[in-house]
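Trainee: structure of the sequence below:
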Amino acid sequence: MTIRIVRLGEPREPDEGLRLGTVRRPPRGVPKEEFASRDYYDVWLPQLSPDPELVKQAQAAQATGDAKTWTAFVKHFRAEMNKGDASRLLDMLAALSHQTNLSLGCYCEDESRCHRSVLRTLLEERGASLTDHKNKGS
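Mentor: The predicted structure follows:
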């Protein structure tokens, strides 16, 4: 049993399990009843997405390739995820990863410049069972 980190909207892998959308906003132009059938997510979990200001910071780092901005984003996002409900959700997902297959993801094409790379690290630190496959997009 494992957690797979995915790009939302890409075809599902066999045995992927329940897909969790760790995004601030639902996909644009997609009816809610089609989120799962169009390979976005089965359950929306915005508690594991960056707050709006951090989203802007991450997007700026993606657009410019600025390593300093990205490092600052990672630091702030990790702090956000290591407190309160977000921390408890990550603990729960890490525990569940030993019982069932799950996947979680975001829309970003490049996982290395996406908050899901930070979620991967945070889950690893909590002892989650994760797939080795890193879905970085096409």
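
Trainee: quick one: the strands in this structure, in order.
Mentor: 3-7, 18-21, 43-44, 102-106 (DSSP state E).

Trainee: tell me the contacts of the closest residue to T69 other than its chain neighbours?
Mentor: Among residues not flanking T69 along the chain, A61 sits closest, at 4.0 Å (C-beta to C-beta, 6 or more residues apart in numbering). Every C-beta, even on glycine, is put in place using the N, C-alpha and C of the backbone. Residues in contact with A61 (C-beta atoms under 8 Å, 6 or more residues apart in numbering) are 67, 69-70, 73, 113.

Trainee: mind checking which of the strands of the chain is nearest D91?
Mentor: Comparison of the strands of the chain against D91 by C-beta to C-beta identifies strand 3-7 as nearest, at 12.8 Å.

Trainee: would you mark the buried spots in the closest one?
Mentor: Neighbour-count burial for strand 3-7 flags 3-7 (criterion: 16 or more other C-beta atoms under 10 Å).

Trainee: out of the strands of the chain, nearest to R120?
Mentor: Of all the strands of the chain, strand 3-7 comes closest under C-beta to C-beta, at 5.0 Å.

Trainee: who's in contact with that closest one?
Mentor: Counting by C-beta under 8 Å, 6+ apart, residues outside strand 3-7 touching it are 12-13, 16-17, 19, 93, 97, 101-109, 111, 116-117, 119-120, 123, 128-131, 133-137.

Trainee: which parts of the helix or strand of the chain with the lowest mean pLDDT are buried?
Mentor: Least confident helix or strand, the chain: helix 52-64 with a mean of 89, by mean pLDDT, DSSP states H and E. Under the neighbour-count criterion of 16+ other C-beta under 10 Å, helix 52-64 has 54-55, 57-58, 61-62 buried.

Trainee: alright, that wraps it up for me.
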